[in-house]
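> sequence? don't have it. structure:
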């Protein structure tokens, strides 16, 4: 899926004499394009059909239409991310030890592998060594993972609206330990959308309940001083009507199973202390959770909850 925003060309600019575009047909300035939303009845992004104003219904199904006005800060963020990976890709070109055709084939292999893993195991980080082994074949021992991954990151951002974000995986026991010292860090990558919220809402009108649960749990952890005991966490969730063992309509399984899935996806870290009947578990933000929801985003979510008008 191509990005709905035009990508910058890398080649030289055309000579003005060769450009026969009428000035009247020139595109509107960037800021004007952002502020302008499609008029009612006009086509929305990606041929999504006529746009209706909020409150209008589509197809007689009672579904409220979306407002297509894109947040400027979100669009700026997308452009900054894309520019960052473009610069990194340019810097890494001199390290390529293969032909351009071979490089493009390797980049395509890395991108296919990342998309496959995202579909197979959503949001679970993919280790750099797995990418090199599975997607680079005979080239994995040539220290080419860096420049090839850099080019894949640039293409994901510019053409897919996705960030192939690098993260560091730590062992849970070492991360939570009070002891100081060195320990092994594994480099991994995860795909994240950098599209503005308005476009994401069109692509995913009904977000997964699991991610709503993740935001709530991460907020509880934040309010508890970056760590919460299992007992206290379930007390908070039960106050919201979420039973530990009961099957929930919104989830495919029990709430406990969803919690373990968030641990597996490394949104959360489960720290176990003690043995046998004396085992105590606490939860902290995992590597994936720390990059997906930083402190500012969690604070914004909490503020929205407490500032929301109360129903009579």
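Perfect, I can see it now. Computed from a prediction, not measured in an experiment: that's the story for all the values here. Numbers count the residues shown, from 1 in each chain.
> Name all residues that make contact with residue 146.
Residues counted as contacts of residue 146 (CB atoms under 8 Å, 6 or more residues apart in numbering) are 92, 95. Quick note: C-beta positions are derived from backbone N, CA and C, even for glycine.
> host element of it?
If you go by DSSP states H and E, residue 146 is part of helix 145-155.
> Pull out the buried positions in that helix.
Within helix 145-155, the residues that count as buried by 16 or more other CB atoms under 10 Å are 145, 147-155.
> from those, which is closest to residue 212?
Proximity of these to residue 212 (CB to CB) peaks at residue 153, which lies at 28.6 Å.
> quick one: contacts for that closest one?
By CB under 8 Å, 6+ apart, residue 153 lies in contact with 85, 88-89, 163-164.
> In helices, which of those appear?
Mapping the contacts of residue 153 onto helices (DSSP state H) picks out 85, 88-89.
> the strands in the chain, which residues?
Here the chain has its strands, by DSSP state E, at 57-58, 63-64, 126-127, 162-169, 186-193, 228-229, 268-273, 280-285.
> Of those, which shows the lowest average pLDDT?
Set side by side, these show their lowest mean pLDDT on strand 57-58, which sits at a mean of 35.
> pLDDT weak spots in this structure?
Counting by pLDDT under 70, the ranges of the chain that qualify are 1-68, 142, 171-183, 201-207, 308-312.
> domains of it?
Under the assignment named as automatic domain parsing, the residue ranges that make up the domains of the chain are 72-203, 209-303.
> any chance of the ones in helices among the contacts of residue 153 in CSV, plus neighbour count?
Compiled in CSV, the ones in helices among the contacts of residue 153 are given as follows (neighbours: other CB atoms under 10 Å):
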residue, neighbour count
85, 20
88, 16
89, 20
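> Could you single out the nearest of those residues to residue 241?
Checking these against residue 241 with CB to CB, the nearest one is residue 85 at 42.3 Å.
> one step back: pull the most distant pair out of the contacts of residue 153.
In those, two members sit farther apart than any others by CB to CB. They are 89 and 163, at 13.5 Å.
> Verify the stated contact: residue 136 with residue 107.
No: the pair residue 136 and residue 107 does not pass the contact test of CB atoms under 8 Å, sitting 10.0 Å apart.
> Need the residues touching each of these two.
Counting by CB under 8 Å, 6+ apart, the contacts common to residue 136 and residue 107 are residue 148.
> quick one: the helices in the stretch 101-250 of the chain?
Residue ranges of the helices in the stretch 101-250 of the chain, as given by DSSP state H, counting those that start in this stretch, are 128-135, 145-155, 172-176, 197-203, 209-223, 230-239.
> most packed of these?
Among the helices of the stretch 101-250 of the chain, ranked by average contacts under mean count of other CB atoms under 10 Å, first place goes to helix 145-155 (a mean of 23).
> quick one: which of the contacts of residue 153 is nearest to residue 127?
Proximity of the contacts of residue 153 to residue 127 (CB to CB) peaks at residue 164, which lies at 13.3 Å.
> List the contacts of the closest one.
Residue 164 sits next to 114, 149, 152-153, 156-157, 189-191 when contact means CB under 8 Å, 6+ apart.
> try 6 Å this time
Contact criterion CB atoms under 6 Å, 6 or more residues apart in numbering gives 153, 156, 189, 191 as the residues in contact with residue 164.
> From residue 111, how far off is it?
With distances taken as CB to CB, to the nearest Å, residue 164 is found 8 Å from residue 111.
> Tell me how many other residues crowd residue 295.
Around residue 295 there are 11 other residues, counting by other CB atoms under 10 Å.
> again with residue 268
For residue 268, the count of nearby residues is 25 (other CB under 10 Å).
> Look up which residues are beta-bridged to it.
According to DSSP bridges, residue 285 are recorded as the beta-bridge partners of residue 268.
> of all the contacts of residue 153, which comes closest to residue 249?
Proximity of those to residue 249, judged by CB to CB, is greatest for residue 163, which lies at 32.7 Å.
> follow-up on the earlier one: redo the contacts of residue 164 as a markdown table? Include distance to residue 291.
Converted to a markdown table, the contacts of residue 164 look like this (distance: CB to CB, whole Å):
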| residue | distance to residue 291 |
| --- | --- |
| 153 | 14 |
| 156 | 15 |
| 189 | 11 |
| 191 | 12 |
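> Show me just the buried residues among the residues you listed.
Buried members of the contacts of residue 164, scored by 16+ other CB under 10 Å, are 153, 156, 189, 191.
> Out of those residues, flag the one nearest to residue 209.
Nearest to residue 209 out of those is residue 191 (CB to CB; 20.5 Å).
> The closest one reaches residue 161, doesn't it?
No: the pair residue 191 and residue 161 does not pass the contact test of CB atoms under 6 Å, sitting 10.5 Å apart.
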